[in-house]
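Visitor: For reference, the sequence and a predicted model appear below.
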Amino acid sequence: MAPLDPDYAFATGISTFADVYPGLNEPLPRIYVEFRPQGIGLDISFPALLDTGGHYCILSQEAAEAAEGLLTTDLGRITLQTARGRIHGSLYLIRIEIFAEIGEDLDLEIVALVTSDWQGPSIIGYSGALDRFRFAVDPQNNRFFFACFR
Amino acid sequence: MDSHRATTPVHAKAPDGTAVATRAPGSARKASSTVADTTPTDVLEKIRSQLGEGRYRDAQNLAREAAARFPEHPEVALMNSALNKWTAKTRPATGVDRDGERVWMRQELPESLHGKVVALVGREVIAAADTLTELGQQLRSMELSKRPLVFRVA
């Protein structure tokens, strides 16, 4: 491993994450970052649960509806085994935008699962999503740091 | 951009001109034999099965090898590209301060909002509807000073 380089910028974008999702009453804080599928017709964004233990990105029903016309790269149907049971859906290659308050937004191509079996918020899971960019969190200040690989 | 290690199979031409991945004697790898005697349809099905089982790395490797074995097959090429290559770029920040939204999200919510799709700007719900389509219609008629955060209240 190379020594720490003082000129090396780990992150090029910083945002603030929400630690609750309205109405869920989760017992522990979670990390909800702000994103949207690129190219949707409305200037809106969605919260997505950052889940390093989760498979793939799973779009909420609303994010999937917003992205409907953009779901052209179909990778096929899969049955995903999750802790909450089996989810049937289709994998798509889509572009998402992750918004920064400081620095630079990130525009990233990811693999996302679209399924009517999932009624919760969007999830940004590890494979095909979180493994495609560098990120870190500051849990004391609810900061989310991110950057492209270089 | 591809940050993953690429496999480097030795390529040869089959009698029909099809490119096939081969390896020198003694260097055969288990994964290569996985695609040697199969069809594109079968290998795509296997990749999807691995994806469903959460075996993403295996699926990536199989897609890479399948692409070398079936270089002319568009679905195989697409799968390999989707799993092993991606683009990422940056642009000046367009994110907005969400302090107000976070305060709102923490509060006890009125029963009337549960199950609704809402658009939140600061501490104010500027639109609420049963579907995103209805919400979008409301938002299009508004002059917005800030990008709304949209979600269905659980």
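Guide: Done, it's in.
Visitor: which outside residues touch the lowest-mean-pLDDT helix or strand in chain A?
Guide: The least trusted helix or strand in chain A, going by mean pLDDT, DSSP states H and E, turns out to be strand A:74-82, with a mean of 91. The contact list for strand A:74-82 (C-beta atoms under 8 Å, 6 or more residues apart in numbering or on different chains) reads A:55-56, A:86-93, A:111, A:113, A:115, B:44, B:48-49, B:51-54, B:78-79, B:82. Placement of C-beta: from N, CA and C, glycine included.
Visitor: How about stretch B:44-63?
Guide: Residues from elsewhere that reach stretch B:44-63, judged by C-beta under 8 Å, 6+ apart: A:55, A:75-81, A:91, A:126-128, B:4, B:7, B:31, B:34-35, B:38, B:43, B:66, B:75-76, B:79-80, B:82-84.
Visitor: and that stretch, how far out from the chain's middle?
Guide: 14 Å (C-alpha atoms, centre = their mean, to the nearest Å).
Visitor: And stretch A:78-92, end to end?
Guide: 11 Å (C-alpha to C-alpha, to the nearest Å).
Visitor: for chain B, what are the low-confidence residue spans?
Guide: The model of chain B has pLDDT under 70 over residues B:1-33.
Visitor: which residues touch the residue positioned nearest the centre of chain A?
Guide: When C-alpha atoms, centre = their mean is applied to chain A, the residue found nearest the centroid is A:Ile124 (3.1 Å). A:Ile124 makes contacts with A:Val33, A:Phe35, A:Ala48, A:Leu49, A:Leu50, A:Asp51, A:Gly54, A:Cys57, A:Ile110, A:Leu130, as judged by C-beta under 8 Å, 6+ apart.
Visitor: Kindly report the same for B:Asp99.
Guide: A:Thr16.
Visitor: so the most centrally placed residue in chain B is in which element?
Guide: Central residue of chain B (C-alpha atoms, centre = their mean): B:Ala82, 7.5 Å from the mean position. B:Ala82 belongs to helix B:74-84 when assigned by DSSP states H and E.
Visitor: Could you give the separation of that helix from the chain centroid?
Guide: Remark: helix B:74-84 is offset 12 Å from the chain centroid, using C-alpha atoms, centre = their mean.
Visitor: quick one: is it near chain A?
Guide: Yes - with C-beta under 8 Å from any C-beta of the partner chain as the criterion, chain A is reached by helix B:74-84 at B:Leu78, B:Met79, B:Ser81, B:Ala82, B:Leu83.
Visitor: need the strands for chain B, in chain order.
Guide: B:10-13, B:19-22, B:88-92, B:117-121, B:124-129, B:149-152 (DSSP state E).
Visitor: ignore the last one, chain A
Guide: A:13-16, A:32-37, A:46-50, A:57-58, A:74-82, A:85-98, A:102-114, A:122-124, A:134-138, A:143-147.
Visitor: mind showing which ranges of chain A have poor pLDDT?
Guide: A:1-2.
Visitor: Can you tell me which of the contacts of A:Ile124 is nearest B:Glu101?
Guide: Nearest to B:Glu101, judged by C-beta to C-beta, of those is A:Val33 at 12.8 Å.
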